[in-house]
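J.: the sequence and its predicted three-dimensional model are supplied below.
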Amino acid sequence: MDTGFDGHIAISRHLIQQMHVEQIGNEIVALADGSRRQQASYEMVMDWLDEEKVVEVLEMEGNPLLGMRLLEDCRLTIEATIGGEVVIEPL
């Protein structure tokens, strides 16, 4: 989860290649350090909270991120411990 990321999902090239999605373009993204970078952008349909949703996937190395656009209209509960539970439910 990244409350500073206003997109849907950001994942590594390796994971994107496993999903067999097509690139739809490039997007300029602002990073936490204030820098800007052009990243490959993909589109996919996923099952999200029992509904099909079209989401934008950004190619970014590092840990996968779920952004605020995907979490919109949801309640997010996090147990802030190692291995703690994360629950996402619709409002």
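T.: Cool, the structure landed. Residues are numbered from 1 along each chain as shown.
J.: where along the chain do the strands fall?
T.: Under the criterion DSSP state E, strands of the chain are mapped to 9-11, 23-30, 36-48, 51-59, 65-66, 74-78, 86-90.
J.: the first one: how far from the chain's middle?
T.: Once both centres are worked out by Cα atoms, centre = their mean, to the nearest Å, strand 9-11 turns out to sit 4 Å from its chain's centre.
J.: paired strands for that strand, with orientation please.
T.: Paired strands of strand 9-11, with direction, are strand 51-59 (parallel), strand 65-66 (antiparallel) (DSSP bridges).
J.: quick one on the thing from earlier: most tightly packed of the strands of the chain?
T.: strand 9-11 (a mean of 21; mean count of other Cβ atoms under 10 Å). Heads up, the C-betas are built off the backbone N, CA and C, glycines and all.
J.: quick check: pLDDT value at the closest residue to residue 52 other than its chain neighbours.
T.: Distances taken as Cβ to Cβ, 6 or more residues apart in numbering place residue 45 nearest to residue 52, at 5.6 Å, with adjacent residues excluded. pLDDT recorded at residue 45 is 92.
J.: same question, residue 7
T.: Residue 7 is assigned 89 on the pLDDT scale.
J.: distance of it from residue 27?
T.: Separation of residue 7 from residue 27 (Cβ to Cβ, to the nearest Å): 8 Å.
J.: got any residues that touch both of the two?
T.: Taking Cβ atoms under 8 Å, 6 or more residues apart in numbering as the contact rule, the neighbours common to residue 7 and residue 27 are 56, 58.
J.: correct me, but residue 48 touches residue 54?
T.: No. The pair residue 48 and residue 54 does not pass the contact test of Cβ atoms under 8 Å, sitting 9.8 Å apart.
J.: for residue 7, what are its contacts?
T.: With Cβ under 8 Å, 6+ apart, residue 7 has these contacts: 29, 56, 58, 65, 67-70.
J.: tell me how many other residues surround the nearest residue to it once chain neighbours are set aside.
T.: The shortest distance from residue 7 to any non-neighbouring residue, by Cβ to Cβ, 6+ apart, is to residue 67 (4.3 Å). The number of residues packed around residue 67, counting by other Cβ atoms under 10 Å, is 20.
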